[in-house]
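K.L.:
below is the structure, and that's it, no one-letter string:
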C-alpha cells in the first residue's frame, strides 16, 4: 500500500499506510508519549520512538560563523523540519518516510527546535525517565543553541535508546571536524564509547553493547542501517509488514552490516 501524508493542524504529519507512523513537528506531548511507551511495552510491533533536534537556515546563518553559510544553505530551509542531513538530497521528513517504507517499522518521531528557549525542568525530568526508550537524532550545528543543547544533554548517557549524529561525508574535513567538536561538547560521555568502538565490526560492537551510539553517521545508507540495528538489537522490534522481514539480512540499506 503506498503511503500518503496528511498534515493535521500545524504540527502533526501522519504517514498513512501499513505502518501508521507519526511524525510531529515542533511539539511533543510527553504524557501521550509516556502512555504510549507503557501501553506497548510488551509489543514487538511497537513504534521506534525518535527525537530529532535540528534548526532553520536563518538560525544557522546567524549563529554559525566558522563555516561559510554558502556551503551549508543547501542543507537547511526556513522550516527546521526540512533539514537535509545528507548531500542536499532528502529532508529529514522524507528520510523518515523512506525508511519506514523500506523497513516496515512504525515510527513515532518528534522534530524539535528549542533554539535558546529555557526548557521546563518537569519536561526534562520526564524525558530522563523515558530516554532508554527513545533514540535521539541530533543536527550537530543545531546544538549551538542553548535550548537544543539542554535537550540533547539528557541523552549524554549510555542508558538511552540510542544516539545518532548525522555528519555528511561530503562536507570538507575541516567542517566535519567543527561539527564533531560541537557534538563532543554536548555528548562528552558518549564520545568515549563512540571512539572506542566505532571501528570494530558490529558483532564486537554488539558484544560490547554500544552499537546504538554513532556520533558521525556519514551517509543515508549508514543512517538506515543504524536505525535498523537499534530497532532489532536494542528494542527487539518486528516489522509490521511481514514481507519485509527477510529484507534485513542482505540488503545494504537495511542490513545489520556496518
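P.N.:
Cool, got the structure. Since the model is a prediction, treat every value here as computed from it, not as a measurement. Numbering: from 1, shown residues only.
K.L.:
residue 105 contacts residue 239, doesn't it?
P.N.:
Yes: if you go by Cβ atoms under 8 Å, residue 105 and residue 239 touch, sitting 6.3 Å apart. Every C-beta, even on glycine, is put in place using the N, C-alpha and C of the backbone.
K.L.:
who's more crowded, the two?
P.N.:
Using other Cβ atoms under 10 Å, the more surrounded residue of residue 105 and residue 239 is residue 105, with 26 against 21.
K.L.:
average pLDDT for the one helix or strand residue 175 maps to?
P.N.:
Counting by DSSP states H and E, the element that carries residue 175 is helix 173-186. Averaged across helix 173-186, pLDDT comes to 90.
K.L.:
buried ones in that helix, by neighbour count?
P.N.:
The neighbour-count check on helix 173-186 (16 or more other Cβ atoms under 10 Å) flags 175, 176, 178, 179, 180, 182, 183, 186 as buried.
K.L.:
packing partners for that helix?
P.N.:
Judged by 3 or more Cβ pairs under 8 Å, 6 or more residues apart in numbering; DSSP states H and E, helix 173-186 is in contact with helix 146-153, strand 213-217.
K.L.:
name every strand pairing with the last one and say which way it goes.
P.N.:
Paired strands of strand 213-217, with direction, are strand 162-166 (parallel) (DSSP bridges).
K.L.:
on that earlier part again, need the buried residues of helix 173-186 in a markdown table with distance to residue 129, can you?
P.N.:
Listed next are those as a markdown table, based on distance: Cβ to Cβ, whole Å:
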| residue | distance to residue 129 |
| --- | --- |
| 175 | 36 |
| 176 | 34 |
| 178 | 33 |
| 179 | 30 |
| 180 | 30 |
| 182 | 27 |
| 183 | 24 |
| 186 | 20 |
